[in-house]
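Enquirer: Need coordinates for the below:
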Amino acid sequence: MPSFKTYPLESIGYDEALRKQFRLVDEITRHFKGSEFLSRGDLGVVPGLNRPRYTKRVEEILAAYFHAEAAMLVRGAGTAAIRMALHSYLTAGQTLLVHDAPIYPTTQTSIEMMSLRTIRADFNDLNHQQLPESPDGILVQYTRQKPDDSYDMAKVLAFFKQRYPSVPIVTDDNYAVMKVHKIGVELGASLSCFSTFKLLGPEGIGCIVGDKSAIQKLRSANYSGGSQVQGHEAIDVLRGLTYAPVALAAQANVVTELVERLNGNEIPGISEAYVANAQSKVLLVEFNQPIAEKVLKYTNDLGAAPNPVGAESKYEIAPMFYRVSGTFKKFDPNLLKTTIRINPYRCGADTIMRILAESVEKVMA
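Expert: Alright, predicted model coming up:
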């Protein structure tokens, strides 16, 4: 039996993934002439806009696509998006309500940089615990922070909106966008934040969607030319987003197939395989013996990526065989010895089964 039970997020299927792709392309055609979208866009700080015209149009597309008031592309990927979103609502010393779990390391850094005081609550069971009277802000991570997380984002947001109607809610939607039916802002959050690099987009570009007044505050503070996302980068964000939903749906299907095959004892020495959002939706493979670190010594030579680049970025095609995530490791350090995570990226199940079987065989030998 596995060390713990996981509650992965429900992934959208091919049909919904195609609908997401088609709806995004439809939105693109409403904002760009065909010849314009075949260009690389403009550059610099345009008078009156303080950002490239193409960037402005792409942000309008993203706002419409996610049914939000506004959108803003920022430098610094998902980390900067979350940091700026918190900055739009909170000041040093104020309180931030967070889930009682290991916080994603870069988010923890942002909290410390802003000198925010965190109040912890178990989002898995909000109805049966002591909650603060009125925090200054709430941060909810869409994907799992520890293996036994089971909370439903829609229910958590509905609960907080009813209990704290005037408190802003920021959601970390990294590893959820284009995989789930609706992101945080579509479920009632004030601002949603994510990295477009994790959605086949350009390096280092994050996105914030939601509350227009909060985003306008960030725009006024983000006025320098070097801070602006350029037109060609904004166009590349849309290009990546267009292909992401179908690619991610295929990835989810491969994970499901692998769980069935590995739990059918196709490869000896494996105790259990299961799906987890850690943080991206991956396959966790638990061995009968503490051989995880030894197995990973062979997978790179057999063609598997030994570490993430952007965790589902445009560069990641071959499957990744890697240790468990930092938050899972913090939850249980022993997982480093017994369990590995595998992200198929763009490959099929047979490739992963071959690499895993050969690696385990080499360790056992």
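Enquirer: Regarding stretch 162-171, how distant is the last residue from the first?
Expert: End-to-end distance for stretch 162-171, by C-alpha to C-alpha, to the nearest Å: 17 Å.
Enquirer: neighbours of Glu260, just the number please.
Expert: 11 (other C-beta atoms under 10 Å). C-betas here are computed from N, CA, C, even on glycine.
Enquirer: Surely Ser359 is in a helix?
Expert: Yes - counting by DSSP: H, G, I helix; E, B strand; the rest coil, Ser359 is located in a helix.
Enquirer: how about the nearest residue to it, chain neighbours excluded?
Expert: Leaving aside its sequence neighbours, Ser359 sits nearest to Tyr298 (C-beta to C-beta, 6 or more residues apart in numbering; 4.1 Å).
Enquirer: tell me the contacts of the one you found?
Expert: Neighbour list for Tyr298: 358-359, 362-363 [criterion: C-beta atoms under 8 Å, 6 or more residues apart in numbering].
Enquirer: Between these, identify the one with the most neighbours.
Expert: Neighbour-wise, the contacts of Tyr298 (other C-beta under 10 Å) top out at Ser359, 24 neighbours.
Enquirer: host element of the residue lying closest to Glu266 once chain neighbours are set aside?
Expert: Spatially, and ignoring its direct neighbours in sequence, Glu266 is nearest to Met353 (6.6 Å; C-beta to C-beta, 6+ apart). Taking DSSP states H and E as the definition, Met353 sits inside helix 349-364.
Enquirer: of the contacts of Tyr298, closest to Arg51?
Expert: Arg51 lies nearest to Ser359 out of the contacts of Tyr298, by C-beta to C-beta, at 48.0 Å.
Enquirer: Quick check: the closest one vs Lys329, distance?
Expert: Distance, Ser359 to Lys329, by C-beta to C-beta, to the nearest Å: 20 Å.
Enquirer: Kindly report the same for Ala249.
Expert: 28 Å.
Enquirer: now swap in Arg163 and tell me
Expert: Arg163 is 33 Å from Lys329, by C-beta to C-beta.
Enquirer: before we move on, what about Gln145?
Expert: 12 Å.
Enquirer: For those two, work out which one has more neighbours and name it.
Expert: Gln145 (25 against 16).
Enquirer: Look at the nearest residue to that one once chain neighbours are set aside and tell me its secondary structure.
Expert: Nearest residue to Gln145 in three dimensions, chain neighbours excluded: Ala101, at 3.8 Å (C-beta to C-beta, 6+ apart). What three-state DSSP gives for Ala101 is coil.
Enquirer: what's the answer for Asn50, then?
Expert: Applying three-state DSSP: Asn50 is coil.
Enquirer: wait, Val74 sits on Arg83?
Expert: No - assessed by C-beta atoms under 8 Å, Val74 is found out of contact with Arg83, at 9.1 Å.
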